[in-house]
Structures are given as structure tokens and as C-alpha cells.
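K.L.:
what would the 3D arrangement of this be:
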Amino acid sequence: MPGGRLTQQERQQIALGLADGHAYAEIARRLDRPTSTITREVMRNGGPTAYRAELAHRATEQRAHRRQAAPRDTRTPPQAYGRDAEAVREYEETLTTVFMQSGIAKMMARVMACLCISDAGSLTASELVQRLQVSPASISKAITFLDGQGLVRRERDERRREHYVVDNDVWYQSMMASARAAAQIVETARQGVSILGPGTPAAVRLESIARFLDFVSETTARAADQAREILHTKPETPSDSTA
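P.N.:
The predicted structure is shown next:
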């Protein structure tokens, strides 16, 4: 299996494979590359619908040039559990790209990815500044957005330092916030039906929107509650069952 960076010809083959609707695994098999390599390459360069071979090749060269020109940051914490530092860095880029494709702005996506891959699932503002090499103001703005979306939780330790946390409960709260937002759209859409006149084209459209989102919001909330109950319930021990 070939190693090293992807060549421009390989990137052109990736673009052709995506255009033909092939899965990442199929493209990887044809290039004799790991599927993870193809997935990371596509996701960091616009995703399957926006991937362009020449732009991807140019962007990769520019990233390599910046890494060579920039001095090594000696403050970067060592990798735990014998992890490959380069693999972790590349995965963080991939995860950031996936978050961006879900609609999260770049800085917010970078903060979210950094929190998700930290073993503690909790970092302070200063730790995020150090890891991402950005200004405190950028971190503050990103956290404000993520907190508003229910994607992070704020906690204070014994030294009154604020920590930003990502855990299972945060994902639950985020899903419930999404369900509430959809329910609000449902209510507003149905107000429009009475204003625009039932049976008119615009009212029919709004009612269709309301019915769809009503179903989705209720299903989302119910699924989130069920998942939380299942995932947070500890297995019954023999002593418990005996009692």
C-alpha cells in the first residue's frame, strides 16, 4: 500500500470517483489507500459535493508550507496513551470540517472539536487559547455561541476557574434545544396559516412546514429522552436483582 501524501493525479481520481457516486471505501480500494485517508482528504477540502482536485492539492501544499515555516509550539501538551500526534492533529482537522458542514462557523467548530477530543472533555479558556493558538476574544465568542446552542456546559472548579464541558448530557440538551426551536417554528407557521387564509397557496405551504417540523420535533425529543434513559442507566448487578 503506498504511503506519503496524495499526489495530484490521485486527487483527480478522487474527484472522478465522487462525481460517479462511489463511496470512500471504493475510491480508497481503487487507489490502494486507507479509507480514512480518502475520508480525511475529502472532508478537509470541502466535502463530497464541493471537492475539487486542484484546489485540494494547492491547499495541501499551502498547509505544508505553513507548518514548515512556523516554529514548533513547545507548549503543545504531549499525547497520552501513546497516540500518534500527527494522526490526532489530522483527525482534529477532519472533525472540525464535519462540524463546519453541519452549519457551525469555523472557530466554533475548532473549539468544539478540541473539546471533543480532549480526554477530560473539559478545558478552560486559557487552555483553548493555548491549544488553538487564537485570541481569548475568539474563544469567548465561540463559547458564547456554543453555549447558546446547548453544545457546551459551563462549570467552575474549586479555584473559581470556568471550564467548558462536552459530555453526554450536553448532547442531550442540544438535541432538546433543537426540538424546542423546531416547535417554535411550528407555532409561528400555524399563526401564518390563519393570517394568510386557510387553503391559500402560502398557507398550505406553511401548514406543510408545520406538520413536518411538528413530527420531527416530537420524534427528536422522544428519541433523546429514550437514549438518555438507556445510556445513563447502569446495568443491574446480581445483588440488585436479588434484592
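
K.L.:
mind checking how far the residue nearest the centre of the chain is from A80?
P.N.:
Nearest residue to the geometric centre of the chain (CA atoms, centre = their mean): F99, 2.8 Å. In this view, F99 and A80 are 23 Å apart by CB to CB, to the nearest Å. The C-beta positions use only the backbone N, C-alpha and C, and glycine is treated the same way.

K.L.:
isn't Q13 right up against L31?
P.N.:
Yes: Q13 is within contact range of L31, at 6.0 Å (criterion: CB atoms under 8 Å).

K.L.:
quick one on the thing from earlier: list the contacts of the residue nearest to the centre of the chain.
P.N.:
Taking CB atoms under 8 Å, 6 or more residues apart in numbering, we find F99 in contact with M108, A109, M112, A113.

K.L.:
got those residues as JSON lines, with secondary structure columns?
P.N.:
Shown next, in JSON lines, are the contacts of F99 (DSSP: H, G, I helix; E, B strand; the rest coil):
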{"residue": "M108", "secondary structure": "helix"}
{"residue": "A109", "secondary structure": "helix"}
{"residue": "M112", "secondary structure": "helix"}
{"residue": "A113", "secondary structure": "helix"}
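
K.L.:
closest one to S138 out of those, please.
P.N.:
M108 (9.8 Å; CB to CB).

K.L.:
the closest one and H65: what is the separation?
P.N.:
27 Å.

K.L.:
more crowded one of the two?
P.N.:
Neighbour count, other CB atoms under 10 Å: between M108 and H65, M108 has more, with 23 against 10.

K.L.:
relative to D32, how far out is the more buried one?
P.N.:
Distance of M108 to D32, given as CB to CB: 37 Å.

K.L.:
also Q12?
P.N.:
Taking CB to CB, one finds Q12 at 16 Å from D32.

K.L.:
okay, the two: which has more neighbours?
P.N.:
Q12 (15 against 9).

K.L.:
quick one: contacts for the more buried one?
P.N.:
Here Q12 is in contact with A53 (CB under 8 Å, 6+ apart).

K.L.:
isn't there a helix covering it?
P.N.:
Yes: checked against three-state DSSP, Q12 lies within a helix.

K.L.:
A179: which element?
P.N.:
helix 168-196 (DSSP states H and E).

K.L.:
tell me which residues of that helix are tucked away?
P.N.:
Residues 170-176, 178-179, 182-183, 185-186, 189-190, 192-193, 196 are the ones in helix 168-196 that count as buried (16 or more other CB atoms under 10 Å).

K.L.:
what do you get for stretch 132-139?
P.N.:
Neighbour counts using 16+ other CB under 10 Å place L132, S138, I139 of stretch 132-139 among the buried residues.

K.L.:
Y51 contacts M43, doesn't it?
P.N.:
No: between Y51 and M43 there is no contact under CB under 8 Å: 9.0 Å.

K.L.:
starting at the chain centroid, how far to the longest helix anywhere in the chain?
P.N.:
Selection of the longest helix in the chain by residue count, based on DSSP state H, yields helix 201-232. Computed by CA atoms, centre = their mean, to the nearest Å, the chain-centroid distance of helix 201-232 equals 22 Å.

K.L.:
and this protein, what are its domains?
P.N.:
8-69, 80-165, 168-232 (automatic domain parsing).

K.L.:
R154 should be in a strand, yeah?
P.N.:
Yes: per three-state DSSP, R154 lies within a strand segment.

K.L.:
could you check how far it is from P198?
P.N.:
Taken as CB to CB, the span from R154 to P198 is 45 Å.

K.L.:
just the terminal-to-terminal distance for stretch 102-121.
P.N.:
By CA to CA, to the nearest Å, the extent of stretch 102-121 from end to end equals 21 Å.

K.L.:
sorry, wrong one. I was asking about stretch 40-60.
P.N.:
For stretch 40-60, the separation between the terminal residues is 12 Å (CA to CA).
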